[in-house]
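> Build the 3D model from these lines:
(one chain, ligands or ions: 1)
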Amino acid sequence: MAITRERVDGAAVLEKEKRYVLHPWASQSKLAAPVMVGAKGCTLWDADGKEYLDFSSQLCNVHLGFQDQRVVDAIVAQAQQLCYVSPVYLSEPRARLAELIAGIAPGDLNQSYFVVGGSEANEAAIQLARLCTGRTKILSFYRGYHGATYGAHSVSGGTGRHAAGLGIPGVVHVLEQDADQVDQIIQLEGANDVAAVILEPIRVGDGVAMPPPGFLASLRAVCDRHGVLLIFDEVVTGFGRTGKWFACDHWNVVPDMMTLAKGLNSGYAALGAVVVSDRVAAHFRETVIPFGFTNGGQPLAFASAIAVIEALREDKLVERSAWLGEVLLAELRHFPERHPSVGEVRGLGIMAGVELVKNQRTREPLVPPLAPRNVAIPSVLDGFKKHLLDHGLIAPVGGNVLRLYPPLCVTEEELHRGLRIVDEALALTDALVDPA
Ligand SMILES: Cc1ncc(COP(=O)(O)O)c(C=O)c1O
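This is a model prediction of the structure:
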C-alpha cells in the first residue's frame, strides 16, 4: 500500500486540542503528547515526521498492527453495503463474527452479546449475571481494572475508581488472589446473594500481575460450590496477546462469561462483547434481556473484527506471540544482571512487565505504588519516560512497572531495536537506586 504522509500543522492541532478538548488520564494543563498523523505495522509518525516504535499497542489493543489493508478493505466494503442498522435487526456480519468467536472461545462459551467497548462489556456482564442468578452482589479484586463507566469502575480496584464515588451498590472487593479467602467472603456475604466474581486472569493494568499458581482453577471450584458465576475480563489479554487466543486457555479454566474488546478488532472501530456459556444463554431463552446499546450492532465494527480475526489466523500471530514473547522475556530476564533498578520481570506472550525498584533485594518500588491519581505529581520516572519517547519508543510506565506489549506483528529487528532503547534508558533509573 502506498502510504501518503499528509502535512498537518502540529502547532495548530495542539492549540485547538488545548482549547476545545478535555483529555482522559490527564491534568489538562500538562498536555504534551505528540500529534499523531499516521501509522503502519508497529510504527506511528507525528506531524513533524518523527517516527515512534509502538511497544504499547496504544492501549494494549492494536494487536494486529496499524493500517492492515485487509481490515481497511473490509471496513470500506461494509461501509458501501450498510453502515448502520439497529441491533434489533439481524445481520450477516454480526452472525459471522459471533460464530467466529464461538469457534475460538474455550468450552461452551458460544453466544455473544455485543456492545461498544470493554467497559460496556463489563457493565453488561454484571447485569446479565444479576438477571441470570437473581442475586445482586458482585465480588471483584482490589488493583483490578474493568473500565471507566459507572458499574465497571465500581468493580475496578485501583484508586482511579474513586471517580465513581460510592459506586454501584453490592460490590465487594477482595484483596488477595486466594480462593480460600474468596470462599470465606462469599459465605460471609451470604452465598445466596452473590451473583458473580469478576477478574482479569492476568492483571495487566496492575503491572502485568500473574495469577498465583492454581488460583484460577481453585476459584472456579469455589464458584461452582456456591452457584456463583465466574466472569473473566479478557479485554486486554484476549486475541493472542498471551500466546494463546485467551489467557484462561493457559490454565484450562473456563468461565461462565468472558468479556472482550480491544484485540477483538485491534481498535479499527469501537466494539466489545460478552460471550456466555450455554447455561447462561439458556436462561435468556424465554427471559428478556431488558437493555441494549444503540451502537451495539455496528456493522462496520463487526466487519473489522471478522477481518482482524481472519488476519490473526492467516499470519499465525497467536503462535507468533507465543514464540516471540519467549524471545522478549528471555532478553528481559538478563536486565536485572546489568541494571540495579530492575526487579522482577514477568509476562506471557508478547506482554511483559519490568518492575523498577530502589533496591533489588527488598524490591522497594522506585515510585510509591499507591500514589494518588487525581493530582499530577512530578515522578522520578518522568525523565525515563521522556528518554523513551525522545528516542522514538512508546512504552507505558504505570506505577513502578514499565510495560512492553508491541503489536503481535512486531518483527524481531523491531523487538531488539525497542529493547536497546529501553536498555539505554534504564541508565537513568539505575542512577535512582539506593546505594547499597
Ligand atoms: C482489563 C480491562 N477491562 C476493561 C477495560 C475497559 O475497556 P474500554 O476502555 O474499551 O472501555 C480495560 C481498559 O483498559 C481493561 O484494561
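> ok, Lys16 - how many residues close by?
Neighbour count for Lys16, taken as other C-beta atoms under 10 Å: 10. In short, each C-beta sits where N, CA and C put it, glycine included.
> Check the one 3 residues further on too.
Close neighbours of Arg19, defined as other C-beta under 10 Å, add up to 7.
> Quick check: which element contains it?
Assigned by DSSP states H and E, Arg19 belongs to helix 10-20.
> Give the buried residues for the helix or strand following that helix.
From helix 10-20 onward toward the C-terminus, using DSSP H and E, the following helix or strand is strand 36-40. In terms of neighbour count (16 or more other C-beta atoms under 10 Å), strand 36-40 has its buried residues at Met36, Val37, Gly38, Ala39.
> Tell me which residues are up against the helix holding Arg19.
With contacts defined as C-beta atoms under 8 Å, 6 or more residues apart in numbering, helix 10-20 is touched by His23, Gln28, Leu31, Pro34, Val35, Asp46, Ala47, Asp48.
> for the residue nearest to Ala179 when sequence neighbours are not counted, helix, strand, or coil?
Using C-beta to C-beta, 6 or more residues apart in numbering and skipping residues adjacent in sequence, the residue nearest Ala179 is Ser218, 3.4 Å away. At Ser218, secondary structure determined by DSSP: H, G, I helix; E, B strand; the rest coil is helix.
> okay, Ser218: pLDDT?
Among the per-residue scores, Ser218 holds a pLDDT of 98.
> What is the burial count for it?
18.
> try Val422
23.
> can you pull the pLDDT of it?
The predicted local confidence for Val422 is 98.
> Let me see the contact set for it.
Val422 makes contact with Val354, Leu388, Leu393, Ala395, Leu402, Leu404, according to C-beta under 8 Å, 6+ apart.
> separation between the third one and the ligand?
Applying C-beta to the nearest ligand atom, to the nearest Å, one obtains 21 Å for the distance of Leu393 from the ligand.
> tell me the SS of the closest residue to that residue other than its chain neighbours?
The shortest distance from Leu393 to any non-neighbouring residue, by C-beta to C-beta, 6+ apart, is to Ile421 (4.4 Å). Using three-state DSSP, the structure places Ile421 in helix.
> List the contacts of Ile421.
Ile421 is in contact with Leu53, Leu388, His391, Gly392, Leu393, counting by C-beta under 8 Å, 6+ apart.
> before we move on, back to that, which of the contacts of Val422 tops the neighbour count?
Counting by other C-beta under 10 Å, top hit in these: Leu402 with 29 neighbours.
> For the helix or strand hosting that residue, name the packing helices and strands.
Here Leu402 sits within strand 401-404, counting by DSSP H and E. On a contact count with 3 or more C-beta pairs under 8 Å, 6 or more residues apart in numbering; DSSP states H and E, strand 401-404 meets strand 352-359, helix 412-430.
> May I see the buried residues of the longest one?
Residues Glu414, Leu415, Gly418, Leu419, Ile421, Val422, Asp423, Ala425, Leu426, Leu428, Thr429 are the ones in helix 412-430 that count as buried (16+ other C-beta under 10 Å).
> Pull the contacting residues for the closest residue to the ligand within the chain.
Among the residues of the chain, Gly118 lies closest to the ligand, at 2.3 Å counting by C-beta to the nearest ligand atom. By C-beta under 8 Å, 6+ apart, the contact list for Gly118 reads His146, Gly147, Ala152, Asp233, Val235, Val236, Thr259, Leu260, Ala261, Lys262, Gly272.
> Low-confidence ranges, the stretch 301-436 of the chain, go.
Scanning the stretch 301-436 of the chain for pLDDT under 70 picks out the ranges 370-378, 436.
> related to what we said a few turns ago, next, format the contacts of Ile421 as JSON lines and append secondary structure and distance to Glu15.
As requested, the contacts of Ile421 are exported to JSON lines (DSSP: H, G, I helix; E, B strand; the rest coil; distance: C-beta to C-beta, whole Å):
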{"residue": "Leu53", "secondary structure": "strand", "distance to Glu15": "28"}
{"residue": "Leu388", "secondary structure": "helix", "distance to Glu15": "26"}
{"residue": "His391", "secondary structure": "coil", "distance to Glu15": "27"}
{"residue": "Gly392", "secondary structure": "coil", "distance to Glu15": "25"}
{"residue": "Leu393", "secondary structure": "strand", "distance to Glu15": "27"}
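> Among those, which one sits closest to Ile350?
Closest approach to Ile350 among these (C-beta to C-beta): Leu53, at 13.5 Å.
> does the closest one have beta-bridge partners, and which?
As for beta bridges, Leu53 partners with Thr43, Leu393 under DSSP bridges.
> Can you give me the neighbour number for Leu166?
Leu166 is flanked by 8 other residues according to other C-beta under 10 Å.
> Near the ligand, which residues of the chain are found?
Listed as neighbours of the ligand in the chain under the rule C-beta under 6 Å from any ligand atom: 59, 117-119, 122, 145-147, 200, 205, 233, 235-236, 261.
> 5 Å instead, please
Gly117, Gly118, Ser119, Tyr145, His146, Gly147, Glu200, Asp233, Val235, Val236, Ala261 (C-beta under 5 Å from any ligand atom).
> Quick one: the helices in the protein, in order.
10-20, 57-60, 69-81, 92-104, 118-133, 150-155, 179-189, 215-226, 278-283, 299-314, 317-332, 335-338, 382-390, 412-430 (DSSP state H).
> May I have the phi/psi pair for Gly147?
Phi and psi for Gly147, reported as degrees, to the nearest 10, are phi 130, psi 180.
> need the contact list for Met257.
109, 125, 128-129, 196, 229-232, 274-277, 280.
> actually Pro87, sorry about that
So Pro87 contacts Arg94, Phe114, Gly292, Phe293, Thr294, Gly296, Gly297 (C-beta under 8 Å, 6+ apart).
> care to break the chain down by domain?
Following automatic domain parsing, one finds the domains of the chain at 10-67+316-377+396-430, 69-314.
> from these, which stretch is densest packed?
Most buried of the domains of the chain by mean neighbour count (mean count of other C-beta atoms under 10 Å) is domain 69-314; its value is a mean of 20.
> First-to-last residue distance for that domain?
For domain 69-314, the first and last residues are 14 Å from each other (C-alpha to C-alpha, to the nearest Å).
> Over to stretch 33-44?
Stretch 33-44 end-to-end distance (C-alpha to C-alpha) = 13 Å.
> which residues are in contact with it?
The contact list for stretch 33-44 (C-beta under 8 Å, 6+ apart) reads 1, 3, 5-6, 8, 10, 13-14, 17, 45-48, 50-54, 65-67, 389, 394, 406-407, 409-411, 414.
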